[in-house]
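> Take this sequence and fold it.
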Amino acid sequence: MNIPVAVGVALFYLAITFYLGWLGYRKTKSAADYLVAGRQMHPYLMALAYGSTFISSSAIVGFGGMAAFMGMGLLWLNFLNIFVGIFIAFLFFGKRTRALGHYLDAHTYPELLGKRFNSRKIQCISGGIIFLGMPLYAAAVMIGVARFLEGTLAINYEWALLVFALVIAVYVFFGGSKGIMYTDAFQGTIMFCAMIILIFITYKTLGGIIPAHKGLTALSDKVPSAIAAMGHRGWTVMPAFNTQMWWTMVSTILLGVGIGVLAQPQLAVRYMTVASNKEINRAVGVGGLFVFMIIGVTYIVGSLSNLYFFNTSGKIAIDMVRDATGKFNIDKIIPLFLNTAMPNWFAYIFLLTLLAAAMSTLSGLFHVIGSSFGRDIFQQLFTTKKHDKHTIDITRIGIIIAFFATLALAYKLPGSIIAIVTALFYGLCAVCFLPVYFGALFSKRMNKYHAITSMITGFTVWLFWILFIHSKNSAALGICQMLFGKPSLADGTVIAFVDPIVASLPVSSLVALICVVMGKKSTD
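Numbers count the residues shown, from 1 in each chain. As a prediction, this is how the structure comes out:
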């Protein structure tokens with residue numbers, strides 16, 4: 001890649017992005033403008049903003065690398081993303097969220113829950129979970145684009161991370177929700193076009209669709225023995241049932257992200273940016289097509305990278321990214337594939353794609369983190385005014401805090417972590433918010449006591465599973481080892497690979513159901 005040309009392309013893209021952010025800044029006159037885009041967004045803009053916020057560099061780089069490792073079984077997640085994340089989310093959750101948000105004059109996801117249950121405590125708790133947990137997901141997104149910049153532009157990873165983070169912080173700080181919606185639509189269009197080109201070139205390079213998939217199937221005997229022992233049976237079939245890899249794919253990836261999408265604060269707030277349910281209906285087709293194309297292509301190309309690398313170097317994808325100690329970092333697979341398999345001119349297009357994917361998601365995340373700090377925590381604790389005039393200023397302070405927390409995490413997190421961290425955060429939101437969110441929209445009997453009990457119970461079980469059961473997390477944190485002398489209480493059993501969402505979401509849902517059935521009808 002010609003570095004001066006790449007820098008020029010990136011600067012041109014950033015100029016357009018900042019111009020759109022500036023337009024949003026000019027049109028931001030109130031807290032409603034800054035937080036929910038004045039509730040007057042076009043359905044096309046809303047759908048692209050939703051999709052591009054949902055699909056980030058963590059999806060393209062992290063989950064693409066995971067597909068290279070696990071195979072096309074991840075395409076089930078694409079189905080869940082469309083059926084649950086678009087169809088059910090828009091038509092069942094989205095319409096009621098928009099209507100309730102307008103009726104309650106809610107500007108944030110925690111404020112929606114807080115006003116629905118007439119509880120400032122719920123708003124503060126929800127805001128606190130977002131403010132403390134979301135930087136972890138934001139760090140994973142940052143890592144995704146920094147890894148691509150490192151491999152493509154041959155620059156230091158730490159510098160790539162810092163420069164990109166600063167760009168994000170500046171334009172979210174000023175633009176607010178309107179600026180974010182404008183830029184998300186622009187970025188989503190870039191992503192969609194680039195993925196069409198990517199899948200076309202990939203299949204052409206591998207001799208066509210049928211030869212590519214037959215060739216990948218024939219590579220099943222190349223799965224390393226250590227990975228085969230985990231349940232891997234090849235890249236075109238699901239892992240063996242009830243094995244380590246099966247539970248990781250099904251519980252962490254498919255359920256964690258596929259179900260967790262319903263309770264994502266940065267996505268739910270998008271419903272409140274349109275004027276009526278008619279706009280949400282019109283957005284379903286655009287959102288579904290967008291997710292189908294971006295996610296589907298990512299998983300297919302990630303899996304097929306094994307065939308490309310084997311044809312050109314005699315190695316499968318993970319062997320291409322092993323270091324001197326034999327460890328591999330799956331977060332480097334997609335950048336390596338793009339830089340070796342694609343023509344030089346496509347590197348510039350995908351540079352824009354990764355920038356667009358990361359910026360669209362991070363802008364939404366930082367905006368939600370900042371609004372959680374300003375509107376849902378600070379304002380609820382220190383003022384009782386309905387529309388405090390300092391909301392925007394305090395929100396911007398929250399964005400600054402989130403920026404430094406996210407940057408610190410991005411520097412600290414280990415390799416092969418993007419997809420795992422993303423699924424972890426999605427699972428946390430599902431456990432803490434989904435039963436309460438469902439109850440807020442569909443149950444007149446649920447009250448604030450039921451909601452708080454469900455949230456606290458679900459989080460407690462989730463945290464226990466993280467610290468003492470789920471081996472990948474418990475071993476890294478070391479608390480179980482320190483207290484009990486082993487990395488997981490389920491060490492040596494398949495339960496150690498079961499994601500926390502499998503245990504905690506049923507518990508939080510059951511607690512909410514019991515409270516609603518046995519309790520009195522809400523009078524709040």
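> what are the ranges of the helices in the stretch 301-450 of the chain?
317-320, 333-341, 344-371, 379-382, 391-412, 418-442, 448-468 (DSSP state H, counting those that start in this stretch).
> The stretch 151-300 of the chain too?
For the stretch 151-300 of the chain, the helices defined by DSSP H, counting those that start in this stretch occupy 157-205, 209-217, 225-228, 244-247, 256-260, 265-271, 277-313.
> for the helices of the stretch 301-450 of the chain, which one sits closest to V9?
Minimum separation from V9 across the helices of the stretch 301-450 of the chain (CB to CB) falls at helix 344-371, 5.0 Å. All C-beta spots, glycine's among them, are computed from the backbone N, C-alpha and C.
> tell me which residues of stretch 342-362 are tucked away?
For stretch 342-362, burial by neighbour count (16 or more other CB atoms under 10 Å) applies to 342, 346-362.
> what's the offset of it from the middle of its chain?
Stretch 342-362 sits 17 Å away from the centroid of its parent chain (CA atoms, centre = their mean, to the nearest Å).
> before we move on, what about stretch 459-478?
That offset, for stretch 459-478, works out to 21 Å (CA atoms, centre = their mean).
> Please tabulate the helices of the stretch 151-300 of the chain in TSV, including the columns mean neighbour count, distance to K121 and mean pLDDT.
Listed next are the helices of the stretch 151-300 of the chain as TSV, based on neighbours: other CB atoms under 10 Å; distance: least, CB to CB, whole Å; pLDDT from 0 to 100:
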stretch	mean neighbour count	distance to K121	mean pLDDT
helix 157-205	21	26	76
helix 209-217	16	52	96
helix 225-228	12	47	92
helix 244-247	21	36	94
helix 256-260	25	24	88
helix 265-271	27	17	81
helix 277-313	21	30	90
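> Figure out which of those helices is closest to A139.
Across the helices of the stretch 151-300 of the chain, closest to A139 is helix 157-205 (CB to CB), at 9.4 Å.
> Which one of the helices of the stretch 151-300 of the chain lies nearest to F93?
Among the helices of the stretch 151-300 of the chain, the nearest to F93 by CB to CB is helix 265-271 (7.3 Å).
> Alpha carbons only: can I get that closest one in CSV?
These are the backbone C-alpha positions of helix 265-271, laid out as CSV (Å, rounded to 0.1, in the frame of the first residue of the first chain):
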residue,chain,number,x,y,z
PRO,A,265,-28.6,0.5,25.0
GLN,A,266,-26.8,2.0,22.0
LEU,A,267,-29.2,0.3,19.7
ALA,A,268,-32.4,0.7,21.7
VAL,A,269,-32.0,4.5,21.8
ARG,A,270,-32.1,4.5,17.9
TYR,A,271,-35.8,3.7,18.0
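> contact partners of it?
35-36, 46, 49-50, 53-54, 89-90, 93-95, 97-98, 101, 108-110, 112, 126, 130, 134, 177, 261, 280, 361, 364-365, 367-368, 372, 429, 433, 437 (CB atoms under 8 Å, 6 or more residues apart in numbering).
> Weed out the non-buried ones from those residues.
Listed as buried from the contacts of helix 265-271 are 35-36, 46, 49-50, 53-54, 89-90, 93-95, 97-98, 101, 108-110, 112, 126, 130, 134, 177, 261, 280, 361, 364-365, 367-368, 372, 429, 433, 437; burial here means 16+ other CB under 10 Å.
> so what pLDDT did G398 get?
Looking at G398, its pLDDT is 82.
> Neighbours of it, how many?
24 (other CB atoms under 10 Å).
> Repeat that for the one 3 residues further on.
A count of neighbours around I401, defined by other CB under 10 Å, yields 14.
> Which residues are in contact with the residue lying closest to T217 once chain neighbours are set aside?
For T217, ignoring the flanking residues on the chain, the nearest one in space by CB to CB, 6 or more residues apart in numbering is T236 at 4.6 Å. Contacts for T236 (CB under 8 Å, 6+ apart) come out as 71-72, 213, 216-217, 220, 303.
> Now T236. Its backbone dihedrals?
phi -120, psi 10 (degrees, to the nearest 10).
> Quick check, pLDDT for it.
So T236 comes in at 95 (pLDDT).
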